[in-house]
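Participant: Build me a model:
(one chain, ligands or ions: 1)
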Amino acid sequence: MKPILDETHDLERESWVESANDPDADFPIQNLPLGLFSADEDEMPAIGVAIGNQILNLSELSELLWSENPDDPIADALSWESLEMVLLLDAEQRTDLRHRLNELLRVDFTGRVRDVAEGCLIPMEDVTMLTPHPIENYTDFYASLHHATNVGKLFRPDQPLLPNYKWMPIGYHGRASSIVIRGTNLWRPCGQTRAEGASAPTFGPTKVLDYELELGCFIGDPNPWGERINIEDAEKHIFGFCLLNDWSARDIQRWEYQPLGPFLAKSFATTISPWIVTLEALAPFRTAAFQRAADDPQPLPYLDAPNDRAFGGFNFTVEASLLTSQMRAQHLPPHRLCLSNAQELYWTFAQMLTHHTSNGCNLRSGDLIGSGTVSGATPDALGCLLELTQRGAHPIKLPTGEERRFLEDGDEIILRGWCEREGFRRIGFGECRGTILPAAQPSSS
Ligand code: CA
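Facilitator: As a prediction, the model looks like this:
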């Protein structure tokens, strides 16, 4: 789909929320990502938009400004206690919401309505962010050729890339019930593993805990069961994006993954960032799809479209950092492990969605689609420890003198993401954090 640019992307536009005008802000007026928050344990969750270091409470604002019109689908969607009805707004209504918010928050907007909006602002630091809606389905793809090749080399040096990889986006059905929001601590998972050369497996906490730096894509408009999505229309089903950490227990994975793919090695937790950056906000940062090597196969016709080749990519920079307990105690900043970019993905999101529905499978509004680890071609662009340390053979040296092959208890992984392009305002995704706790004991009740 050709991205549409309009005045909401204007570089010069500033907001009366001053923190939004800082050139390094993740949430300038050009971004306007949506999320769900709770200001108080006793209060209902509210839908908000991030602006600078503040949140505009849209549930409250809409009640005060827009709910008088019974035919206003936006006011109706914002009256729910999660984003589930907002996700069902079509592209036109979503653009309408974006324009309303952009207009309301612009620096030269004054009068009673601005006073109302000012009364609906709350500092980000005063709220708890929540999972935006009940996520029913989660699929994780494997769209980076570099990641697939690097991981393949470690496990199958003679045949790193399986024969299907360049013909279709490979994925698996993940677990939706264990998706958690940024800042949620997670227990080191236990599982069955078999040491190299051992004749029998043992059960216990994973010794090879890893993260995966990914993007998450939220489905907006669903497709009915049995109806395939045409690649030309695939992006109409995308609502927006977040950052996603696909925590992985590599020792459990290695023992269990054949023949049916990842299971307990992945299903214990997936962390997402709380703000959904809409497809419309990302319009200035669209790029061509990944340039395939001359001797690579061309996509089959159902996965190919001129617009997808021209604009199917996203120029998102993504970063993963590590903060250990020792680093925290010494007040050291997080140590960057990786800087990569979604342009490195071999398959576009439109291709992933088209392939996902090519058998008639129905995507539901609010479903989460992971990109797979966003690894690039260079050693500083590897999106997980399995690749970075070559399966533990080359540990990472940290500023404290510590070494890491894989994650230890107390380690925190911090994912960040942002988009930059000359002539446009930088927009960011915020952070996706998670800290590892020691393995939990089984419940005795
Ligand atoms: Ca993954």
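Participant: rest of the way, CA atoms for contacts and neighbours
Facilitator: Will do.
Participant: Which parts of the stretch 1-150 of the chain are helices?
Facilitator: 58-65, 73-78, 91-105, 112-118, 145-155 (DSSP state H, counting those that start in this stretch).
Participant: right, so of those helices, which gets closest to Met85?
Facilitator: helix 73-78 (4.8 Å; Cα to Cα).
Participant: what packs against the closest one?
Facilitator: For helix 73-78, the elements it packs on are helix 58-65, helix 91-105, judged by 3 or more Cα pairs under 8 Å, 6 or more residues apart in numbering; DSSP states H and E.
Participant: show me the contacts for Thr348.
Facilitator: Contact analysis of Thr348 by Cα atoms under 8 Å, 6 or more residues apart in numbering lists 143, 289-290, 308, 312-313.
Participant: about what we covered before: arrange the helices and strands packed on helix 73-78 in CSV, one row each, with distance to Arg228, mean pLDDT and mean neighbour count as further columns.
Facilitator: Shown next, in CSV, are those (distance: least, Cα to Cα, whole Å; pLDDT from 0 to 100; neighbours: other Cα atoms under 10 Å):
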stretch, distance to Arg228, mean pLDDT, mean neighbour count
helix 58-65, 34, 95, 19
helix 91-105, 19, 96, 17
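Participant: and those as TSV, adding distance to Glu14?
Facilitator: Shown next, in TSV, are the helices and strands packed on helix 73-78 (distance: least, Cα to Cα, whole Å):
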stretch	distance to Glu14
helix 58-65	20
helix 91-105	8
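Participant: among these, which is nearest Cys120?
Facilitator: helix 58-65 (6.1 Å).
Participant: so where do the strands sit in the stretch 201-350 of the chain?
Facilitator: Counting by DSSP state E, counting those that start in this stretch, the stretch 201-350 of the chain has strands at residues 202-205, 209-210, 213-219, 238-245, 248-249, 270-272, 277-278, 286-287, 313-314, 317-323, 335-341.
Participant: who wins for proximity to Leu368 among the ones you listed?
Facilitator: Using Cα to Cα, those put strand 213-219 closest to Leu368, at 4.9 Å.
Participant: Sheet-wise, list the partners of the closest one with their directions.
Facilitator: Strands adjacent to strand 213-219 in the sheet, as given by DSSP bridges, are strand 238-245 (antiparallel), strand 368-370 (antiparallel).
Participant: Grab the longest strand from this protein for me.
Facilitator: strand 427-437 (DSSP state E).
Participant: For Gly35, find the nearest of the strands of the stretch 201-350 of the chain.
Facilitator: When those are compared by Cα to Cα, strand 277-278 sits nearest Gly35, at 9.2 Å.
Participant: Distance from the chain centre to that closest one, please.
Facilitator: With Cα atoms, centre = their mean, to the nearest Å as the basis, strand 277-278 stands 10 Å off its chain's centre.
Participant: Stretch 388-395 too?
Facilitator: Averaging C-alpha positions (Cα atoms, centre = their mean) puts stretch 388-395 25 Å from its chain's average.
Participant: now swap in stretch 31-47 and tell me
Facilitator: Here stretch 31-47 is found 19 Å from its chain centre; the criterion is Cα atoms, centre = their mean.
Participant: Find the least confident helix or strand in this structure, judged by mean pLDDT.
Facilitator: Every helix and strand in the chain was compared by mean pLDDT, DSSP states H and E; the lowest is helix 145-155, with a mean of 93.
Participant: by contact count, what packs against that helix?
Facilitator: So helix 145-155, by 3+ Cα pairs under 8 Å, 6+ apart, packs with helix 385-388.
Participant: name the helices or strands packed onto the helix it packs on?
Facilitator: helix 145-155.
Participant: Name every strand pairing with the following helix or strand past the helix it packs on and say which way it goes.
Facilitator: Using DSSP states H and E, the helix or strand that directly follows helix 145-155 along the chain is strand 171-173. As defined by DSSP bridges, the strand partners of strand 171-173 come to strand 138-141 (antiparallel).
Participant: per-residue confidence averaged over the strand it pairs with?
Facilitator: In this model, strand 138-141 carries a mean pLDDT of 98.
Participant: Leu437 reaches Arg188, doesn't it?
Facilitator: Yes - if you go by Cα atoms under 8 Å, Leu437 and Arg188 touch, sitting 6.0 Å apart.
Participant: Now do the shared contacts for these two.
Facilitator: Here Leu437 and Arg188 have Asp409 as joint contacts, going by Cα under 8 Å, 6+ apart.
Participant: Please say which of the two ends up with more neighbours.
Facilitator: Taking other Cα atoms under 10 Å, Leu437 and Arg188 do not tie; Arg188 has more neighbours (24 against 16).
Participant: Pretty sure Ile436 is one of the things that one touches, is it not?
Facilitator: Yes - if you go by Cα under 8 Å, Arg188 and Ile436 touch, sitting 6.2 Å apart.
Participant: For Leu264, grab the count of nearby residues.
Facilitator: Neighbour tally, Leu264, other Cα under 10 Å: 20.
Participant: residue contacts, it?
Facilitator: With contacts defined as Cα under 8 Å, 6+ apart, Leu264 is in contact with 191, 252-253.
Participant: Apply 10 Å and report the result again.
Facilitator: If you count contacts by Cα atoms under 10 Å, 6 or more residues apart in numbering, Leu264 has them with 174-175, 189-192, 248-249, 252-253, 256-257.
Participant: Type out the ChimeraX command that picks the buried ones from those.
Facilitator: Buried subset of these, written as a ChimeraX selection, criterion 16 or more other Cα atoms under 10 Å:
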select :174,175,189,190,191,192,248,249,252,253,256
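Participant: Give me the subset of the contacts of Leu264 that lies in helices.
Facilitator: Taking DSSP state H, the ones among these that sit in helices are 252-253, 256.
Participant: Can you tell me which of those residues is nearest His133?
Facilitator: For the ones in helices among the contacts of Leu264, the residue nearest His133 by Cα to Cα is Gln253; the value is 28.9 Å.
Participant: where in the stretch 51-200 of the chain is pLDDT low?
Facilitator: For the stretch 51-200 of the chain, no stretch is flagged by pLDDT under 70.
Participant: Alright, I will stop here.
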